[in-house]
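Enquirer: Okay, sequence plus prediction incoming.
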Amino acid sequence: MFPVDLRSDTVTRPDAAMYEALRRAPLGDDVFGDDPSVLRLEEMAAEILGKQAALFVPSGTMGNSIAIAVQTRPGDEVLTEAQAHSLISEVGGGPRLWGVQMTAIPGTGGMIPLDSIRRGVKPNDIHLTPARLLILEQTSNLAGGRILPLDYLRKASSLARELGLRFHIDGARIFNAAVATGLPVREFAACADTVMFCLSKGLGAPVGSVLTGEANVIAEGRRVRKLLGGGLRQAGVLATCGIHALEHNVERLEEDHANARGFARAILEANLPGVEVVPPETNMVYVRVEGFEATDNQRLLLSLKEDGVWALSMLGHVLRFVFHKDISPKAAQTAQDLVIRQLEIKSKARK
């Protein structure tokens, strides 16, 4: 059972059925456009999200970067929520690679207030950077796996069109949002011009993401993917894992959500002084301990790791526990018991 790895939903391993699908995968050369497994994945992804075309990429970061590249020009401004992955966790790719200005707008739960989006678009003035692209993240990682509601996304989409902005959804965990709300994923995807989703997070594939959008945008994105070194040859060995993930691992995301809810509920019911738990909407549980600094969190994480539970500290002040397909209900129970015990120990030590 050990370790119980709750650092991320990227740590999953292919199961026997996925390995078997990989072994049988028909292959070609994706740079030449003739790998049948990649073509099938891209057609499937476009159909599921209701888009004209799709592009298989090695990572979500590359998918987001390509979306910026093909929808902006150097000197343009990209509006993002202040905690968005494309702003915080992608090594400043927008400015470094494409010469755009990434502007952070504070939001709540990953959502930028609509009035703030409107104010973020500067007047048409030769001294000012023109805003070209809006990026939102579904679900919002640093907000605790929060779901951006469909009604909000529709309003943001309508506003973006009014303001002349393209709209990209970093949908790394968009399938978690769809399963949690019971809404088809294409309903969320319909709000944006481009949508990226990760196969290697909750869906359980070892590598890969998909960028979807209009056919001409994706065609240009294929050129940019090559520029970035993302033109893989027999990529069907990876794409087949993505196909298997889409066919078998979407609906089961609710199991991860249930494990997260049970974990959070147990910590809340332990009634530990100074311990705050963000109620999970999907597969992430964020825990804050009053008075804990980054070093305190690191000591707690080290103690948990010695017990066999792995987790992360996010931005130095909050603990993140992420549930995924390799965490059984029994493993989740073990983890919650050990986390509660360590929180009790650390709380008493600070008195």
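Expert: Yes, it's here. What you see is a predicted model; the values in this text were computed from it and never measured. Numbers count the residues shown, from 1 in each chain.

Enquirer: For the residue nearest to A46 when sequence neighbours are not counted, which residues count as its bridge partners?
Expert: Excluding the flanking residues, the one nearest A46 by C-beta to C-beta, 6 or more residues apart in numbering is A54, at 4.2 Å. To be clear about C-beta, it is placed using only N, CA and C from the backbone, and glycine gets the same treatment. Per DSSP bridges, the residues bridged to A54 are T212.

Enquirer: Give me the distance between A54 and V224.
Expert: Applying C-beta to C-beta, to the nearest Å, one obtains 15 Å for the distance of A54 from V224.

Enquirer: got it, and A46?
Expert: To V224, A46 is 18 Å away according to C-beta to C-beta.

Enquirer: And for G262?
Expert: Taken as C-beta to C-beta, the span from G262 to V224 is 43 Å.

Enquirer: what about those two, which has more around it?
Expert: Comparing G262 with V224 by other C-beta atoms under 10 Å, the one with more neighbours is V224, at 21 against 17.

Enquirer: what number of residues lie near G99?
Expert: So G99, with other C-beta under 10 Å, has 12 neighbours.

Enquirer: so where's the stretch 151-300 of the chain uncertain?
Expert: Counting by pLDDT under 70, the stretch 151-300 of the chain contains no low-confidence range.

Enquirer: in it, which spans are strands?
Expert: Along the stretch 151-300 of the chain, counting by DSSP state E, counting those that start in this stretch, strands occupy 166-170, 194-198, 209-213, 275-278, 284-289.

Enquirer: who's in contact with V38?
Expert: Contacts for V38 were tallied using C-beta atoms under 8 Å, 6 or more residues apart in numbering; they are 28, 30, 56, 235-236, 239.

Enquirer: Kindly reformat these as CSV and extend each row with neighbour count.
Expert: As requested, those are arranged in CSV below (neighbours: other C-beta atoms under 10 Å):
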residue, neighbour count
G28, 17
D30, 25
F56, 27
A235, 26
G236, 26
A239, 31
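
Enquirer: Assign the residue lying closest to M314 once chain neighbours are set aside to helix, strand or coil.
Expert: Closest residue to M314 apart from its sequence neighbours, by C-beta to C-beta, 6+ apart: R320 at 4.9 Å. Three-state call for R320 (DSSP: H, G, I helix; E, B strand; the rest coil): strand.

Enquirer: Pretty sure R320 sits against N283.
Expert: No: R320 is beyond contact range of N283, at 10.7 Å (criterion: C-beta atoms under 8 Å).
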